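Visitor: Got a sequence here, can you build the structure:
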Amino acid sequence: MTPAECRTMAEVRAEIDRIDGLIVALLVERLGYIDRAAELKPALGLPARIDERVEEVVAKVRARAMAEGLDPVLAEALWRRLIDWSIAREEAVIGRD
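Guide: Numbers count the residues shown, from 1 in each chain. Reported below is the predicted structural model:
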């Protein structure tokens, strides 16, 4: 159902809940890759935080946000928080630099 097709607040809320569930599922999927990175990085001599990669990810997210009509400032803020959390998780496994 599109937003315009929603006729009641219950329908709007149900759709938001549905989308939130999808976002959580995607975050869980992303987490699997973060954990795998933490397993692979030590053998490659890589630290948890690679600043160039952080900026690459943020730039891609900003570009995608702009293309999709999402405020890139909001997208960047959300992803920087997500990236910081992800790096902290990796550091817990492989240690800090």
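Visitor: alpha carbons only for contacts and neighbour counts from here, please
Guide: Noted.
Visitor: Which parts of the chain are helices?
Guide: Assigned by DSSP state H, the helices in the chain fall at 9-44, 51-68, 72-94.
Visitor: would a markdown table of the ones you listed with distance to residue 1 and mean neighbour count be doable?
Guide: Output for the helices of the chain, formatted as a markdown table (distance: least, CA to CA, whole Å; neighbours: other CA atoms under 10 Å):
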| stretch | distance to residue 1 | mean neighbour count |
| --- | --- | --- |
| helix 9-44 | 8 | 13 |
| helix 51-68 | 19 | 14 |
| helix 72-94 | 24 | 16 |
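Visitor: any chance of these in TSV, with mean pLDDT too?
Guide: As requested, those are arranged in TSV below (pLDDT from 0 to 100):
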stretch	mean pLDDT
helix 9-44	97
helix 51-68	98
helix 72-94	96
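Visitor: what would those helices look like in CSV with distance to residue 3?
Guide: Putting those into CSV (distance: least, CA to CA, whole Å) gives the following:
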stretch, distance to residue 3
helix 9-44, 7
helix 51-68, 16
helix 72-94, 21
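Visitor: Quick one: closest of these to residue 2.
Guide: Closest approach to residue 2 among those (CA to CA): helix 9-44, 8.6 Å.
Visitor: Counting by contacts, list what that closest one packs against.
Guide: Applying 3 or more CA pairs under 8 Å, 6 or more residues apart in numbering; DSSP states H and E, one finds that helix 9-44 contacts helix 72-94.
Visitor: Using CSV, write down the CA coordinates of the helix it packs on.
Guide: Only the C-alpha atoms of helix 72-94 are listed here, as CSV (Å, rounded to 0.1, in the frame of the first residue of the first chain):
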residue,chain,number,x,y,z
PRO,A,72,21.6,13.7,2.7
VAL,A,73,22.4,15.4,6.0
LEU,A,74,20.0,13.1,7.8
ALA,A,75,21.3,10.0,6.0
GLU,A,76,24.9,10.9,6.8
ALA,A,77,24.2,11.4,10.5
LEU,A,78,22.4,8.1,10.7
TRP,A,79,25.1,6.2,8.8
ARG,A,80,28.0,7.8,10.8
ARG,A,81,26.2,6.5,14.0
LEU,A,82,25.8,3.1,12.4
ILE,A,83,29.4,3.0,11.2
ASP,A,84,30.7,4.1,14.7
TRP,A,85,28.6,1.3,16.3
SER,A,86,29.9,-1.2,13.7
ILE,A,87,33.5,-0.2,14.3
ALA,A,88,33.1,-0.5,18.0
ARG,A,89,31.7,-4.0,17.5
GLU,A,90,34.7,-4.9,15.3
GLU,A,91,37.1,-3.5,17.8
ALA,A,92,35.6,-5.7,20.5
VAL,A,93,36.7,-8.7,18.4
ILE,A,94,40.0,-7.5,16.9
